[in-house]
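Engineer: model the following, please.
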Amino acid sequence: MTTLQTAAPSFRLPKMHDPELLIFVRHGQTDWNAEGRMQGHIDIPLNETGREQAAANGYRLCKFLEEEGLDPRALDYVASPLGRTRTTMELLRRGMELDAGAFRLEERLLELTFGRWEGFRLEDLADEEQDLILQRRADKWRFVPPGGGESYEMLMERVGAWLQTVKRPTVVVSHGGVYRVLRGMLEGLESAHAPKLSAPQDKVFVWRESSFTEV
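Structural biologist: Sure thing, here's the model as predicted:
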């Protein structure tokens, strides 16, 4: 029997360190993104669309920095250690005519893990995991996927700890979940709203003067 779930109370996320300039790029598309599968820590490579998105974001970012009179070589570059983010950063930097491999890796920028749900679409789990799917729908921020998964609340702890170390203008290549948590903290969004933020893979997000803009 399916257990009905009521929506959990929402709360405003704590605003943490407000960096001078933080540029966020989500990794390019993978086949699993296109299929709607939960990737988490499984290392799925970029597909051709994803490679094109990453390169285009490099050109887009280069143009933005040039218009703002900012030297791209003066920025810090950091990426999640998964292959899809490393490849995205390499293609991004090539598009900016920079050394493709000259960036740092940061474990705290890994995507949240979906535990035993990784590799599945939610519709694949609808019959056997219906109660858990309803729990997730009622409180996506706190929901912990079975089999060692992470909630957005858990992800906030490590991403927030990293955010407080950002002391210079920085370009980040990471994941959709990380973007939602990072933006939620920077803007002080409601916990119910942050996990639902759109995180397109063909945009560059710029945090400056305490607000986000898309490039």
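Engineer: just for this structure, where's the confidence low?
Structural biologist: By pLDDT under 70, the low-scoring segments of the chain are 1-6.
Engineer: tell me which element Arg137 is part of?
Structural biologist: helix 130-138 (DSSP states H and E).
Engineer: ok, Pro14 - how many residues close by?
Structural biologist: If you count neighbours by other CB atoms under 10 Å, Pro14 ends up with 10. C-beta coordinates here come from the backbone N, C-alpha and C atoms, glycine included.
Engineer: renumber starting at 14 from here on
Structural biologist: From this message on, residue numbering opens at 14, which makes the last subject Pro27.
Engineer: tell me which element it is part of?
Structural biologist: Taking DSSP H and E as the definition, one finds Pro27 inside no helix or strand.
Engineer: for Leu199, see how far away it is.
Structural biologist: Distance, Pro27 to Leu199, by CB to CB, to the nearest Å: 11 Å.
Engineer: before we move on, back to that, and the next element down the chain from the helix holding Arg150?
Structural biologist: Using DSSP H and E, the next helix or strand after helix 143-151 towards the C-terminus is helix 165-176.
Engineer: buried residues in that following helix?
Structural biologist: 165-166, 168-169, 171-173, 175-176 (16 or more other CB atoms under 10 Å).
Engineer: and the helices in this structure, which stretches?
Structural biologist: With helices called from DSSP state H, the chain shows them at 44-48, 61-80, 96-108, 143-151, 165-176, 189-200.
Engineer: nearest to Gly114, of those?
Structural biologist: Closest of these to Gly114 is helix 96-108, at 6.6 Å (criterion: CB to CB).
Engineer: what about the closest residue to Glu200 other than its chain neighbours, neighbour count?
Structural biologist: Sequence neighbours aside, Phe225 is the residue nearest to Glu200 in space, at 7.1 Å (criterion: CB to CB, 6 or more residues apart in numbering). Counted by other CB under 10 Å, the residues lying close to Phe225 total 14.
Engineer: in contact with Phe225, which residues?
Structural biologist: Phe225 makes contact with 196, 199-200, 218-219 under the criterion CB atoms under 8 Å, 6 or more residues apart in numbering.
Engineer: max pairwise distance over those residues: which two?
Structural biologist: Glu200 and Val219 (13.4 Å).
Engineer: Gln66 and Arg50, how far apart?
Structural biologist: 18 Å.
Engineer: and what of Arg106?
Structural biologist: Distance, Arg106 to Arg50, using CB to CB: 28 Å.
Engineer: in terms of neighbours, single out the busier of the two.
Structural biologist: Neighbour comparison, Arg106 and Arg50: the larger count goes to Arg106, with 23 against 20 (by other CB under 10 Å).
Engineer: nearest residue to the more buried one in space, please, no chain neighbours.
Structural biologist: Using CB to CB, 6+ apart and skipping residues adjacent in sequence, the residue nearest Arg106 is Ala113, 5.0 Å away.
Engineer: is it true that that neighbour touches Thr100?
Structural biologist: No - here Ala113 does not reach Thr100: they are 9.7 Å apart, not a contact under CB atoms under 8 Å.
Engineer: residue contacts, Glu103?
Structural biologist: Glu103 neighbours (CB under 8 Å, 6+ apart): 113-114.
Engineer: ok, it to Leu111 distance?
Structural biologist: Using CB to CB, Glu103 is found at 10 Å from Leu111.
Engineer: try Ala20
Structural biologist: Distance of Ala20 to Leu111, given as CB to CB: 46 Å.
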